[in-house]
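Engineer: Fold the following.
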Amino acid sequence: MAFFKRRGIKVLAVAVAAIFGTVFAAPAVHADSTTEITVLTDTSGTDQLITDGLAAAFMKANPTITVTVDYRPGGIDGGNLVKTRLATGDMDDVFLYNSGSAFQALNPTQNLVDLTDEPWQSKVISSFYPTVSVGKRIYGGPIGSVMGGGILYNKVVYQKLGLKVPLTWAQFMANNAKIKKAKLIPVIQTYKDAWSSQLLVLADQFNVQVADPGFAAKYTTNKAKIATTSAALVGWQHLQDLKKAGFLNKDYASATYDKGLQYLATGKGAHYPMLTFAASNLIDKYPELANNVGFFAQPGPSAKKNGLTVWMPSAIYIPKTTKHLDLAKQFVAFAMSPAGIAVMNTVAPPSGPYLIKGAQMTGHLSVIATDMLPYFKANGRSAPALEFISPVKGANEEKFCVEVGSGIVTAKQGAAGYDRDVQKSAQQLGLPGW
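Structural biologist: Purely as a prediction, here's the structure:
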């Protein structure tokens with residue numbers, strides 16, 4: 001299992017302060033001698049950029065404190081590492097991890113510090129609370145901005161081929177056929193980083209909710225299965241159909257997330273099913289090409305009911321095993337403060353609204369972010385991803401998505417396999433009906 005560490009983040013603090021001046025100014029924590037805390041974050045998406053930036057700025061405000069940032073992989077390996085370290089009492093003083101169903105799987109009441117009564121909680125927008133709560137107790141705070149799940153696309157390719165943003169899946173597939181004819185990659189898939197294989201399934205939740213509004217409730221109580229619910233099966237069918245049509249890059253099995261961004265930014269590929277957090281990575285790696293990439297919600301069956309599936313941001317947590325609780329709470333409070341938001345705006349341009357009251361999306365907003373905002377301005381054009389309205393989520397969804405997307409099993413077989421995987425997780429959580 002891969003695990004990454006970085007030391008010497010204190011050097012970065014000097015560089016950040018030199019570039020950004022006093023934007024990170026915050027009340028200092030006074031200590032008699034140098035004290036160290038550690039923060040665990042993942043290397044996928046923007047969490048690494050945000051954590052590095054927060055650590056640097058916090059140390060600038062608190063010169064006697066050293067923040068050491070440790071790294072973990074994303075996906076199943078990263079999730080297993082977090083659970084293992086919590087179970088063995090070997091977790092860092094602070095860590096970033098998913099909210100929603102993934103949070104529920106951490107056994108929070110046993111493993112995490114209760115943050116309900118922290119003063120900064122009054123600034124958190126209440127829609128975030130259910131994603132990090134057990135009963136009325138809150139265990140985390142939002143890190144980063146709301147994300148959308150859908151299709152990143154190369155606008156230059158669209159312009160050259162005279163394509164319009166599709167509102168239905170049929171229109172999307174017609175666009176793919178024209179892109180293939182132009183000898184470009186219609187849909188980029190990157191199964192080497194298996195977590196990325198889930199987007200076509202997960203980002204279809206808005207369409208599932210439109211077609212079957214009661215599905216999430218029935219799914220949570222084991223009264224509905226994905227494989228036998230036509231609306232829920234559609235996303236899995238999309239994986240199968242794109243492979244069958246020959247619309248994927250030839251190296252889909254070995255391509256990484258970084259390779260997918262390269263294909264997209266350079267125009268070798270036209271579409272990449274992905275979360276909008278990729279905007280920061282595109283700006284970081286391809287600053288001259290990032291504005292060529294836009295975003296649209298995953299199309300469904302109806303143009304009149306086109307809308308966006310929304311992801312809540314990651315959360316910041318403190319394990320009960322920390323030996324530096326006061327300092328850990330100071331760091332978390334900094335992340336929730338205006339100074340912390342300023343860091344996030346600077347190091348990782350927001351992919352959507354923040355869930356801190358009064359926090360503004362500032363700096364250079366990506367084309368991806370501006371393309372996403374209209375979905376929030378009209379009622380009924382956005383809905384949360386399934387993992388934020390149901391605690392039921394299997395540990396191996398990406399494995400089944402890869403199998404379907406590679407043509408190894410059919411959509412229905414993959415969904416049925418995932419239904420069995422879900423049952424194990426639901427029973428572990430002790431959910432009624434399972």
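Engineer: can you count the residues close to A182?
Structural biologist: 12 (other C-beta atoms under 10 Å). C-beta coordinates here come from the backbone N, C-alpha and C atoms, glycine included.
Engineer: distance of the residue lying closest to it once chain neighbours are set aside from M361?
Structural biologist: Nearest non-adjacent residue to A182, counting by C-beta to C-beta, 6 or more residues apart in numbering: L161, 5.9 Å away. For L161, the distance to M361 equals 31 Å [C-beta to C-beta, to the nearest Å].
Engineer: Equivalent analysis for D258, please.
Structural biologist: Counting by C-beta to C-beta, the gap from D258 to M361 is 26 Å.
Engineer: just K60 next, same as before
Structural biologist: 23 Å.
Engineer: chain center to the helix ranked longest in the chain, what's the gap?
Structural biologist: Across the chain, the longest stretch assigned as helix under DSSP state H is helix 411-429. Helix 411-429 has its C-alpha centroid displaced from the chain centroid by 22 Å (C-alpha atoms, centre = their mean, to the nearest Å).
Engineer: quick one: buried residues of that helix?
Structural biologist: Within helix 411-429, the residues that count as buried by 16 or more other C-beta atoms under 10 Å are 411-419, 421-422, 425-426.
Engineer: between these, which is nearest I318?
Structural biologist: S425 (24.3 Å; C-beta to C-beta).
Engineer: residue contacts, L275?
Structural biologist: With contact taken as C-beta atoms under 8 Å, 6 or more residues apart in numbering, L275 is in contact with 45, 147-149, 199, 311, 351.
Engineer: and what of T46?
Structural biologist: By C-beta under 8 Å, 6+ apart, the contact list for T46 reads 144, 277, 280-281, 348, 351.
Engineer: From those, which one has the minimum pLDDT?
Structural biologist: Lowest pLDDT of these: S351, 77.
Engineer: Looks like it contacts G149 (just checking).
Structural biologist: No: at 10.6 Å, S351 and G149 do not qualify as touching, with contact defined as C-beta atoms under 8 Å.
Engineer: Now the common contact residues for these two.
Structural biologist: 275-276.
Engineer: P353 and P301: what is the separation?
Structural biologist: 28 Å.
Engineer: Show me which of the two is the more surrounded one.
Structural biologist: A count of neighbours by other C-beta under 10 Å puts P353 above the other of P353 and P301, at 18 against 14.
Engineer: Got phi/psi on the more buried one?
Structural biologist: When read as degrees, to the nearest 10, the backbone of P353 gives phi -70, psi 150.
Engineer: what's near enough to touch it?
Structural biologist: 145-146, 361, 376 are the contacts of P353 under C-beta under 8 Å, 6+ apart.
Engineer: Likewise for D371?
Structural biologist: Counting by C-beta under 8 Å, 6+ apart, D371 has contacts 294-296.
Engineer: any idea how far it is from G352?
Structural biologist: Taking C-beta to C-beta, one finds D371 at 11 Å from G352.
Engineer: Could you do V82 as well?
Structural biologist: Taking C-beta to C-beta, one finds V82 at 24 Å from G352.
Engineer: what do you get for V332?
Structural biologist: Using C-beta to C-beta, one gets 22 Å for the distance from V332 to G352.
Engineer: what do you get for K244?
Structural biologist: 33 Å.
Engineer: Kindly check the end-to-end length of stretch 148-160 for me.
Structural biologist: Start-to-end span of stretch 148-160 (C-alpha to C-alpha, to the nearest Å) is 26 Å.
Engineer: Hmm, I typed the wrong one, I wanted stretch 268-281.
Structural biologist: End to end - C-alpha to C-alpha - stretch 268-281 spans 18 Å.
Engineer: and what of stretch 116-131?
Structural biologist: Note: stretch 116-131 ends 13 Å apart using C-alpha to C-alpha.
Engineer: And stretch 333-349, by the same measure?
Structural biologist: Note: stretch 333-349 ends 21 Å apart using C-alpha to C-alpha.
Engineer: Show me where the protein dips below the pLDDT cut-off.
Structural biologist: Scanning the chain for pLDDT under 70 picks out the ranges 1-34, 45, 363-364.
Engineer: can you give me the helices for the stretch 151-300 of the chain?
Structural biologist: 155-161, 169-181, 199-202, 205-211, 215-220, 230-244, 257-266, 278-285 (DSSP state H, counting those that start in this stretch).
Engineer: To A56, which of those helices lies closest?
Structural biologist: Smallest distance to A56 across the helices of the stretch 151-300 of the chain (C-beta to C-beta): 15.9 Å, for helix 278-285.
Engineer: can you pull the buried residues of that closest one?
Structural biologist: In helix 278-285, counting by 16+ other C-beta under 10 Å, buried: 278-283.
Engineer: Just give me how far stretch 88-104 sits from the chain centre.
Structural biologist: The answer for stretch 88-104 is 15 Å, by C-alpha atoms, centre = their mean.
Engineer: And stretch 105-124, by the same measure?
Structural biologist: Using C-alpha atoms, centre = their mean, the offset of stretch 105-124 from its chain centre is 20 Å.
Engineer: so how far does that stretch reach from one end to the other?
Structural biologist: Start-to-end span of stretch 105-124 (C-alpha to C-alpha) is 23 Å.
Engineer: Also stretch 212-227?
Structural biologist: 14 Å.
Engineer: Not counting its own residues, what contacts it?
Structural biologist: For stretch 212-227, using C-beta under 8 Å, 6+ apart, the contacting residues are 208-209, 229, 231-233, 236, 386, 389-392, 412, 415-416, 418-419, 422-423, 426, 431-434.
Engineer: What residues does L355 make contact with?
Structural biologist: So L355 contacts 124-125, 127-128, 142, 145-146, 312-313 (C-beta under 8 Å, 6+ apart).
Engineer: Surely L327 and V67 touch.
Structural biologist: No: look at L327 against V67 with C-beta under 8 Å: they stay out of range, at 9.1 Å.
Engineer: who has more neighbours, those two?
Structural biologist: V67 (27 against 21).
Engineer: I figured the more buried one was touching I37, is that so?
Structural biologist: Yes: contact status for V67 versus I37: in contact at 5.8 Å, counting by C-beta under 8 Å.
Engineer: Now the common contact residues for those two.
Structural biologist: Joint contacts of V67 and I37 (C-beta under 8 Å, 6+ apart) are F331.
Engineer: Surely F95 forms part of a strand?
Structural biologist: Yes: counting by DSSP: H, G, I helix; E, B strand; the rest coil, F95 is located in a strand.
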